[in-house]
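1. heads up, no residue letters with this:
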DNA sequence: TTCTTATATATGCAAATGCAATCATAGCAA
DNA sequence: TTGCTATGATTGCATTTGCATATATAAGAA
């Protein structure tokens, strides 16, 4: 097999494995009565960003289109988990701010999400596998981020 | 870092890298006036399956929900790239059959898709990276396929 | 300042997806 | 055979996403 073939095979595996794992994990979250993955990612990113972040920055971090981030925030704010606040440094902008309820919700979700990741994904891999996976994916991500 | 942390980090990288790469590659296909990736995958899978395949089998292979495969086939058949045929061995079932136009379309798409994969994904990886990626993803897929 | 262009967010409408049926046929047990 | 349950495919309806545009503000040029 040539390197080109190896690389394209990796891409194909990435597509399929992503789809299968996501289906399994979202399914477990839903079965446990939890919100979708995107909500967790959003809340976690906000916590990591000190509780608030600009909408466009959030979208970029989470690799979601801006207009979809607008609407994801609409939904999550509808449950009181985040609030919008005008950005004092740029009147065009808006900050998404996590609420106390949002922090609590993320904490609630974590055990379910962790269990799902572990059983559907982590348990299939050794630590070395995981490290190799991360290293390779980082290279791709780095290239795409410049691109 | 513990193994658990390594594994969860790999999951997180998988999610983000998948989203970025898919966005870039779909964008290039669209810019080249080509249909979405899902059409390519569908046509390729049909060619590999000898030109025809049961709808449910196709859905399973491509990791798409059945009802979404029904509708993907509606769209692709609307362009004359596949046809539906009753399954002679099971009157509930239907076969998706690739047409000559479908084979031609897949061949047309390939150079664009290949260029996109190569520049957005493959070029970031050595052959060894790609092999390691594939090996790790296969393990995950194998677990998900039983589970 | 005024004009032009760029950026940040939001929105109307179309297309795609998810969910919960529905319909037809298979397969198997009584 | 009849009846019951399972399977394959589809469809109506709600939700989500993508695309094109709109609105407000910023930033820089004339």
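-> Yes, it's here. Nothing here was measured: the structure is a model prediction, and the numbers come from that model. Numbers count the residues shown, from 1 in each chain, chains lettered A, B, ... in the order given.
2. can we go C-alpha only for contacts and neighbour counts from here?
-> OK.
3. buried residues in the longest helix along chain A?
-> In chain A, taking DSSP state H as the definition, the longest helix is helix A:3-31. Neighbour-count burial for helix A:3-31, counted by 16 or more other CA atoms under 10 Å in any protein chain shown, picks out A:3-4, A:6-11, A:13-26, A:28-29.
4. Do you know the pLDDT at the residue of chain A found nearest DNA strand C?
-> Closest contact between chain A and DNA strand C, by CA to the nearest atom of the strand, is at residue A:56 (3.1 Å). Residue A:56 is assigned 98 on the pLDDT scale.
5. Report how many residues lie close to it.
-> 19 (other CA atoms under 10 Å in any protein chain shown).
6. so which strand or helix has it?
-> For residue A:56, the host element (DSSP states H and E) is helix A:55-62.
7. Going by contacts, tell me the helices and strands next to that helix.
-> Contacts defined by 3 or more CA pairs under 8 Å, 6 or more residues apart in numbering or on different chains; DSSP states H and E place helix A:55-62 against helix A:37-48, helix A:66-78, strand A:94-98.
8. Identify the residues contacting it?
-> A:41-42, A:45-46, A:65-66, A:69-70, A:93-96, B:16 (CA atoms under 8 Å, 6 or more residues apart in numbering or on different chains).
9. So for the residue most central in space within chain A, what's the nearest residue that isn't a sequence neighbour?
-> In chain A, the residue lying closest to the centroid (CA atoms, centre = their mean) is residue A:41, at 4.0 Å. Distances taken as CA to CA, 6 or more residues apart in numbering or on different chains put residue A:62 closest to residue A:41, at 7.4 Å, once the chain neighbours are dropped.
10. how far away is the one you found from residue A:46?
-> According to CA to CA, to the nearest Å, residue A:62 and residue A:46 sit 11 Å apart.
11. Any buried residues in stretch A:128-137, and which?
-> Neighbour count says stretch A:128-137 has A:129-137 buried, by 16+ other CA under 10 Å.
12. Keep these, but drop any that are not near DNA strand D.
-> The subset of these lying close to DNA strand D, counting by CA under 7 Å from any atom of the strand, is empty.
13. just curious, which of those residues is nearest to DNA strand D?
-> residue A:137 (20.7 Å).
14. where does that closest one fall, helix, sheet strand or coil?
-> helix (DSSP: H, G, I helix; E, B strand; the rest coil).
15. so it touches residue B:19, yeah?
-> No: Residue A:137 lies out of contact with residue B:19 (CA atoms under 8 Å); the separation is 11.6 Å.
16. Residues in contact with both of those two, list them for me.
-> Counting by CA under 8 Å, 6+ apart, nothing touches both residue A:137 and residue B:19.
17. how near is the residue lying closest to residue A:143 once chain neighbours are set aside to residue B:29?
-> Spatially, and ignoring its direct neighbours in sequence, residue A:143 is nearest to residue B:124 (6.4 Å; CA to CA, 6+ apart). Residue B:124 sits 19 Å away from residue B:29 when distances are taken as CA to CA.
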